[in-house]
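Student: just coords:
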């Protein structure tokens, strides 16, 4: 039942929603980030204090979606999924800018500094612009954000990493949960400082290693790009008929896995961006950079390495690790395992941060925050005993609902 709902939501409604409203915002913004990329980059670096917020936001997006999610998209949707993943990212950049802009515009000042995000601009924006009480919609979104943090931002990340480690899964999940607990006990300050240190190192290392493989095998790039474009518009079965067929599945898995990776339009990362000292436009440009680094750069590099290797594995994690191993030997496999582990850890602690901020919007009662912490860490520890097939389905559903709801309110508040 859930699979049928997701096939409609992720296979038709979500891609169409992203396409229509993404193009709408590109037109509304006069495509400044496409027509004037250098000026946009200068705007990013002219801002004040936005880099730390970008690192936190990237922690929430740079996870197994950039590695395992890309492999999953190729396995299920063929090489053509890579094309739709990249195209959706360029369109989604306008949505990311819009949501970050609104997060800055409608943020509030607390004793700890700025707070904001989708629940805040949904609630305050509707009230200010239309005199409508939007709290019920904001609370629904906040609840979905908490659910997303527990599924996509927790279970999916840990399961993907644990499946590749030579360690009993239950033991790994317990150790992972303990490490998460140590960080989250320190609150938002410790989470932000951890992400600010980890993400730049992880990102540059992954880019360097991937580029080394791609440049070393540049002679085969022509055939890879030909395969990507051919399968992106093909009505024949993708990847020998496994799991999906032609353009429909290429679009579905390319867009849904791209969205799983960069979360543009989902309304999650504006929570981190809202705490920047930047003005709305400058921080909005940081949002565009976030999508570019996440999907246009990292996801594309992962996809090219996988396609260059010619792996036939139908397990996403094995497909990635075997691809890097085919070029770099044992170092390649260990590099992917460590990268996934650290990216996943950064994502999990960041997603806890999003869940806590969402819960703060619903209620600031101390017992509720303690309960969230207990549930979140317990889910980490119990990941080994939770069926992941259902979790992936729930993740796709929640992300689709969040994106559709958030995009509708972006449109309403920008009119």
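Tutor: Now that the structure is in, tell me what you want to look at. Small disclaimer: the values here were computed from a predicted structure and weren't measured.

Student: shouldn't residue 319 be in contact with residue 71?
Tutor: Yes: using C-beta atoms under 8 Å, residue 319 is in contact with residue 71, at 4.3 Å. C-beta here means a position set from N, CA and C on the backbone, and glycine is covered the same way.

Student: What residues of the strand or helix carrying residue 149 count as buried?
Tutor: Using DSSP states H and E, residue 149 maps to helix 135-150. For helix 135-150, burial by neighbour count (16 or more other C-beta atoms under 10 Å) applies to 135, 137-139, 141-150.

Student: On the C-terminal side of it, identify the next helix or strand.
Tutor: Next element after helix 135-150 (DSSP H and E): helix 157-162.

Student: Next secondary structure element downstream of that next one?
Tutor: helix 169-185.

Student: And that next one, what does it pack against?
Tutor: helix 157-162, helix 187-216, helix 330-362, helix 366-381 (3 or more C-beta pairs under 8 Å, 6 or more residues apart in numbering; DSSP states H and E).

Student: for those, which one ends up most surrounded?
Tutor: helix 157-162 (a mean of 26; mean count of other C-beta atoms under 10 Å).

Student: ok, which stretches of the stretch 201-350 of the chain are helices?
Tutor: For the stretch 201-350 of the chain, applying DSSP state H, counting those that start in this stretch gives helices covering 221-232, 246-262, 270-273, 280-291, 300-309, 316-328, 330-362.

Student: which stretch in those helices has the least confidence?
Tutor: Mean pLDDT is lowest for helix 246-262 out of the helices of the stretch 201-350 of the chain, coming in at a mean of 66.

Student: burial count for the nearest residue to residue 345 once chain neighbours are set aside?
Tutor: Nearest non-adjacent residue to residue 345, counting by C-beta to C-beta, 6 or more residues apart in numbering: residue 179, 6.8 Å away. Taking other C-beta atoms under 10 Å as the criterion, the count of residues near residue 179 is 13.

Student: cool, residue 221 as well?
Tutor: 14.

Student: what about it, distance to residue 22?
Tutor: 28 Å (C-beta to C-beta, to the nearest Å).

Student: same deal with residue 80?
Tutor: Applying C-beta to C-beta, the value for residue 80 to residue 22 is 19 Å.

Student: When the two are compared, which one has more neighbours?
Tutor: Counted by other C-beta under 10 Å, residue 80 and residue 22 do not tie: residue 80 has more neighbours, with 28 against 24.

Student: That one reaches residue 303, doesn't it?
Tutor: No: using C-beta under 8 Å, residue 80 is not in contact with residue 303, being 10.9 Å away.

Student: In this protein, where is pLDDT below threshold?
Tutor: 2, 11, 44-65, 234-253, 255-261, 388, 415 (pLDDT under 70).

Student: Now residue 109: which helix or strand?
Tutor: strand 108-110.

Student: Right, I'll leave it there.
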